[in-house]
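Participant: Take this sequence and fold it.
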Amino acid sequence: VQLVESGGNLVQPGGSLRLSCEASGFSFSIYWMYWVRQAPGKERVFLATISRSGGTTSYGASVKGRFTISRDNVKNTAYLQMNSLNPEDTGVYYCAATIKNLGLSSDEYDYWGQGTQVTVSS
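Facilitator: Here you go, the predicted structure:
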């Protein structure tokens, strides 16, 4: 089982990035997918979740309206489009998967990726 994130980079405030999370080794299409962020010295932030079919999405308050989660069940990949980035968005971004819907308050995921670094700085 693997979740491999990519797309992290250094970006200026106001910029955009698109993160990808490629899944393998499990039935991606029957899992809910999540994006979370962890910054040094800060609490983990639950960013977004998407249902198995992609028809239902939820966002944390700090990213709602700026970030968009999506998925491609043919490519076994989840995405996080991030716009209007600000320095507070800096951190390691992880994707995760669980067969149950955990919402945005639990990190009892079945699978985690290794993370990709996003740095927002001028």
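
Participant: ok, residue 50 - contacts?
Facilitator: 32-34, 56-57, 69-71, 78 (Cβ atoms under 8 Å, 6 or more residues apart in numbering). No exception for glycine: its C-beta is placed from N, CA and C like everyone else's.

Participant: Could I have the buried ones of the residues you listed as PyMOL selection syntax?
Facilitator: The PyMOL selection below is limited to those of those classed as buried (16 or more other Cβ atoms under 10 Å):
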select buried, resi 32+33+34+69+71+78
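
Participant: Which ones among the contacts of residue 50 lie within strands?
Facilitator: The strands, defined by DSSP state E, take in 32-34, 57, 69-71, 78 from the contacts of residue 50.

Participant: nearest to residue 85, of these?
Facilitator: Within those, proximity to residue 85 (Cβ to Cβ) peaks at residue 69, which comes in at 15.5 Å.

Participant: which residues does that closest one bridge with?
Facilitator: Here residue 69 sits in beta bridges with residue 80, as judged by DSSP bridges.

Participant: hang on, the earlier thing: make a markdown table from the contacts of residue 50 and add pLDDT to it.
Facilitator: As requested, these are exported to a markdown table (pLDDT from 0 to 100):
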| residue | pLDDT |
| --- | --- |
| 32 | 97 |
| 33 | 97 |
| 34 | 97 |
| 56 | 97 |
| 57 | 97 |
| 69 | 98 |
| 70 | 98 |
| 71 | 98 |
| 78 | 98 |
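
Participant: which ones are touching the residue nearest the centre of the chain?
Facilitator: By Cα atoms, centre = their mean, the mean C-alpha position of the chain lies nearest to residue 35, the distance being 2.4 Å. By Cβ under 8 Å, 6+ apart, the contact list for residue 35 reads 19, 21, 47-49, 67, 69, 78, 80, 93-96.

Participant: Next: residue 59.
Facilitator: Taking Cβ under 8 Å, 6+ apart as the contact definition, residue 59 lies against 47-48, 65, 67, 69, 104.

Participant: Among the residues you listed, the buried ones, what's the ChimeraX command?
Facilitator: The buried residues among the contacts of residue 59 can be selected in ChimeraX (16+ other Cβ under 10 Å) with this line:
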select :47,48,67,69,104
